[in-house]
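Peer 1: need a structure here:
(chains A and B)
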Amino acid sequence: MILRKALVLSCAAWLLAASGARAAGHDVLPPGYSPDTSSDEAGLWMLMDKEEAAVKTSPNIERDEKLNAYLGGVICKLAGEYCPSIRVYVVDTPDWNASAAPNGMVQVNTGLLLQVKNEAQLAFVLRHEITHYVHRHSLAKTRKVVNTAGFLKVFGLAMAGVGAGVGADPRGAISLGNALGIYSITAFSRDEERDADDGGFKRATTLGYSPTEASAIWEAMVAENKADPNFSRSAFFASHPGEEERAATNEKLAAEVAPTRSDWITNEDSFHAATAPFIGRWVEEELAQAQPDRSIVVFRRLAASMPSQGVYQYGLGEAYRKRNQTNDAVAAENAYRGALACADAPPEAWRGLGLLTMKAGRNADAREAFIQYRAKLPDSADKAMIDFYLTQL
Amino acid sequence: MKYLNRLVALGAVLLTSACANVSLVPADKPATVGNGMTVMPQRQWNQIKADHVVWTAEGTGVDEIIFLTGIKSGKPLFEMPGMKNEQIGIFDSKMLPNDIQDLVVGTLTKMGYQAVRPGNLTPCPFGSSQGFCFDFDFSTSGGLQMKGMTIAHKQTDTLDLFLFQAPGEYYFGALSPTVSKVFASAQTK
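Peer 2: Below you'll find the model as predicted:
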């Protein structure tokens, strides 16, 4: 998603370079604002509008009315007077992220909704993104890179991929050249990120969201990055405030603000009411990333913070079983049994337990687990396979 | 950075494809697809021979049958430049069909396929051996809805897996009956 947005930005940068950039005039977006049609900003918005048209028809958009109404309400509250200018899209992808485009398009990934514990945690992230929009960071960044000679070299690479289709994957993935250009123009500066953090914190706490929730998502990101063998902080991203810094800053701000009132809200119940129908699918999508080290960190945290919800312990069991390292079988079995002890135990935990014990040669346990799974989920998509396993035990 | 890794991998795959040999597979003769296995093509196919045999009717950007044969324990389904095998996901001879289904889903996801969802895992014959089949669907980064189906079997220490994918609209429905016959015609050594 970031890449697609960035691709559009790279085209916008080309337009600006071709026509000559003008001074911004405003640092902060006036509510209800539309750029003058002759301005460079209008060019940027136009390209974002085209991107938004593609997003609207994408099969990867979650269109559930209740979920969208809930998130729209949260974002509207956070955006305040900017609410009428913002459109929200829930993107069905386990990459946990959110973004706000210069034209008011806000995208919230389902991976983020899986990872946050309550509405307050979500609010701090969303208001951070809205601050990027309100403070026109994309426009400032685009103008800056257009005026940077070094950018043009990178930009040339990006446009080679766009214009001639060099290296373009026939299914829609974009080329390495594009990626290099994109990474060079999309991320905000260290100061812009701090500004967005600051704006997000102030607005969310003004609305009563508990300040102690602000650092949670950054702390989670630190833990997941440490567990991800693929993660490395590039030279480019190294110029931005790290998650550790963000977590520490938010903790410090929270310590200052928390004593000022006692009626802080997290809205955990309304958040879970809106997201509960989708959590099972989002858990499977996280597991489908085939990054069990990372998934273990994710589900260990979620299971610890919401121990009564069996779906997270099921996810933890699956992640351990799929990683399959020393002692993982024991950890997986413990997690499955923890899930099965919950009132909302996912039937798939029985299947996981069956697969685990079958591979361990514990045929009686496997048989019992598969029978339970078949009884609780008689129409499962793998019922024929499970029945076949039962004939082998 | 993981996006960058994917793009590097995709770029390398495309470069490899550009150098690959393309030949015509006749409809009426058994065709060798690797690891001593043959199938009956049922119709003419364009064959692209790179690290593994790939057939396509309309072009590799549209439909593909990928014959992954003789995959040894400890190896991934596809090698991806810039990624360690463990990062891609490796086959283990102790895997059950559910595990191999997960391996396929994880590998396709690492290749950049979006929202890969498997279904209908079921035992099915693979030549004269016991194998298993499953379907899957996914979407491309460009938003195209794709469908796929897989047949596989495990020998003592190796995996043979045939994978077909095509756009859900028209192409999958048009080609899948023929592909099912291709899969059903597999003869193991």
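
Peer 1: So which elements touch the helix or strand hosting A:Leu353?
Peer 2: Element membership of A:Leu353, judged by DSSP states H and E, is helix A:348-359. Helices and strands touching helix A:348-359, as assessed by 3 or more Cβ pairs under 8 Å, 6 or more residues apart in numbering or on different chains; DSSP states H and E, comprise helix A:310-323, helix A:328-340, helix A:363-376, helix A:383-392, helix B:97-110. Where you see a C-beta, it was placed from the backbone N, CA and C, and this is true even at glycine.

Peer 1: Please convert these to CSV, extending it with distance to B:Leu24.
Peer 2: Supplementary listing: these in CSV, determined by distance: least, Cβ to Cβ, whole Å:
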stretch, distance to B:Leu24
helix A:310-323, 41
helix A:328-340, 48
helix A:363-376, 47
helix A:383-392, 37
helix B:97-110, 28
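
Peer 1: from the ones you listed, which stretch is densest packed?
Peer 2: helix A:310-323 (a mean of 26; mean count of other Cβ atoms under 10 Å in any protein chain shown).

Peer 1: Any part of it near chain B?
Peer 2: Yes. On the criterion Cβ under 8 Å from any Cβ of the partner chain, helix A:310-323 is in touch with chain B at A:Lys322.

Peer 1: circling back to that earlier point, pLDDT of the helix holding A:Leu353, averaged?
Peer 2: What helix A:348-359 shows for mean pLDDT is 97.

Peer 1: and the angle from that helix to helix A:328-340?
Peer 2: Taking axes from the mean of the first three to the mean of the last three Cα atoms, to 10 degrees, helix A:348-359 and helix A:328-340 form an angle of 150 degrees between their directions.

Peer 1: Give me the distance from stretch A:365-384 to the chain's centre.
Peer 2: 33 Å (Cα atoms, centre = their mean, to the nearest Å).

Peer 1: Same check on stretch B:62-78?
Peer 2: 6 Å.

Peer 1: buried ones in that stretch?
Peer 2: Buried residues in stretch B:62-78, defined by neighbour count with 16 or more other Cβ atoms under 10 Å in any protein chain shown: B:62-69, B:71, B:75-78.

Peer 1: quick one, the helix holding A:Leu353 and helix A:310-323 angle?
Peer 2: Using the same axes, to 10 degrees: helix A:348-359 against helix A:310-323 is 30 degrees.

Peer 1: on that earlier part again, would you format the buried residues of stretch B:62-78 as CSV with pLDDT included?
Peer 2: Formatted as CSV, the buried residues of stretch B:62-78 follow (pLDDT from 0 to 100):
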residue, pLDDT
B:Val62, 95
B:Asp63, 97
B:Glu64, 96
B:Ile65, 97
B:Ile66, 96
B:Phe67, 96
B:Leu68, 96
B:Thr69, 95
B:Ile71, 96
B:Lys75, 94
B:Pro76, 94
B:Leu77, 94
B:Phe78, 89
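
Peer 1: Report pLDDT for A:His26.
Peer 2: Predicted confidence (pLDDT) at A:His26: the value is 41.

Peer 1: quick one on the thing from earlier: is it possible to get TSV of the helices and strands packed on helix A:348-359 that adds distance to A:Arg261 and mean pLDDT?
Peer 2: Shown next, in TSV, are the helices and strands packed on helix A:348-359 (distance: least, Cβ to Cβ, whole Å; pLDDT from 0 to 100):
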stretch	distance to A:Arg261	mean pLDDT
helix A:310-323	31	96
helix A:328-340	37	98
helix A:363-376	46	98
helix A:383-392	54	97
helix B:97-110	44	94
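
Peer 1: if we can go back for a sec, can you flag which of the buried residues of stretch B:62-78 belong to strands?
Peer 2: If you go by DSSP state E, the buried residues of stretch B:62-78 have B:64-69, B:71 in strands.

Peer 1: In three-state terms, how would B:Leu163 be classified?
Peer 2: strand (DSSP: H, G, I helix; E, B strand; the rest coil).

Peer 1: So which residues of chain A form strands?
Peer 2: Using DSSP E, strands in chain A cover A:61-62, A:87-91, A:98-100, A:105-109.

Peer 1: which stretches of the chain have low pLDDT?
Peer 2: No chain was given, so I picked chain A. Along chain A, segments meeting pLDDT under 70 span A:1-26, A:148-187, A:229-241.

Peer 1: oops, I was thinking of chain B
Peer 2: Ranges of chain B meeting pLDDT under 70: B:1-20.

Peer 1: Pull the contacting residues for the residue nearest the centre of it.
Peer 2: When Cα atoms, centre = their mean is applied to chain B, the residue found nearest the centroid is B:Leu163 (3.0 Å). Going by Cβ atoms under 8 Å, 6 or more residues apart in numbering or on different chains, B:Leu163 touches B:64-66, B:68, B:104, B:148-150.
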